[in-house]
Every structure is written in C-alpha cells, then in structure tokens.
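**Student:** this one's sequence-less:
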C-alpha cells in the first residue's frame, strides 16, 4: 500500500500535459476516490462530472477565461488572465454541491483533494482550477447543468485538469517554520 504522507508530499499541480487521453480505468479510479471523500452527515452531496469531449472542454475553457477577464478587468483579481486555464489537459473534472448544504464547499473540496491524491498515486497529474462557482452562475453554466441531468440547485465548487504530465514536476517549497502548533 502506498504511503499516504509520501503521496501528499510529492503531489504537485501540473500546468503542462501530454495530449494523450487517460485510460478509462484510470479515470474510474480517480472518480471513485472522489466518491469516498468525507461529507457532512454522510450525505454524499457533491456531484462529479468528467469531461473528455474536446468541444465541451473548449467551451469550458472559454467560460473560465471569460470569468478571469471579468475579475481582472474589474479589479477583483490581480492574477494574470490565461487563455488556457485548464492547461490543455485532455480531461476536466468538475465538482458541484447543493446551494443549500452548509457543508457544500467543504464536502466538495474534500472530493477534489481525494481525486488529486488518487491521480498522483496512479501516475496521473492534476491541477485545481478555480472559477467553477462563477462559471456555473451564468445562463450557459445553468444550461450545461440541465444538459448533464444535474439538479438545478447546484453551485460549482472547483475543477481539476487531469492527464499525463509533460515534463518533470518541481520539488515542494520548503514548509514555513511555524506552520502548526501542538497544544497539550
């Protein structure tokens, strides 16, 4: 069995992917890991959508870029605008949760974290991509939720780019000296 702490220490966000699509078996393992994330009261509220259709990925890319441009233009973000926010990954994973669930963000974030760790454990690379919240507040975002047969009360929490890393990952930054406290 893999050493979980070692996986955590060596997982890095990927911003350059090979064009090859991941194997179906790999995708199912990553998705299954997401389904085993802890959730408040065991409700299993989050929903996961895996997108491998290149046209849909292109549309998601345009939606995400539009949100970045809006945030940047309106002074709400100092981050640079990327025209490839998913870094040309062949698979995009989107995670949603119910608007009325007080644990929505926490539960869905755990789903995303589990999927990133499983991806790393089986040799895939991933990167958490922000702005799913704003993307799926738009009319087109709401329409996509309907097209994907999802409940209409969902919020976008986050997404992952997923694929095979193109190049080596960087080592972890040194951890800050006073990161945690132990109170006895």
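**Tutor:** Looks like it arrived, so ask away. Just so we're clear, the structure is a prediction, and the values are computed from it rather than from any experiment.
**Student:** which helices and strands does whichever strand or helix holds residue 145 pack with?
**Tutor:** Using DSSP states H and E, residue 145 sits in helix 139-147. Applying 3 or more C-beta pairs under 8 Å, 6 or more residues apart in numbering; DSSP states H and E, one finds that helix 139-147 contacts helix 54-73. (Each C-beta comes from the backbone N, C-alpha and C, glycine too.)
**Student:** got the angle between the helix it packs on and helix 139-147?
**Tutor:** 150 degrees (axes from the mean of the first three to the mean of the last three C-alpha atoms, to 10 degrees).
**Student:** elements contacting helix 54-73?
**Tutor:** By 3+ C-beta pairs under 8 Å, 6+ apart, helix 54-73 packs against strand 91-98, helix 132-135, helix 139-147.
**Student:** got a list of contacts for that helix?
**Tutor:** Residues outside helix 54-73 that contact it (C-beta atoms under 8 Å, 6 or more residues apart in numbering): 51, 76-86, 90, 92, 94, 129, 131, 134-135, 138, 140-141, 159.
**Student:** give me the buried subset of those residues.
**Tutor:** 51, 77, 85-86, 90, 92, 94, 129, 131, 134-135, 141, 159 (16 or more other C-beta atoms under 10 Å).
**Student:** alright, I will stop here.
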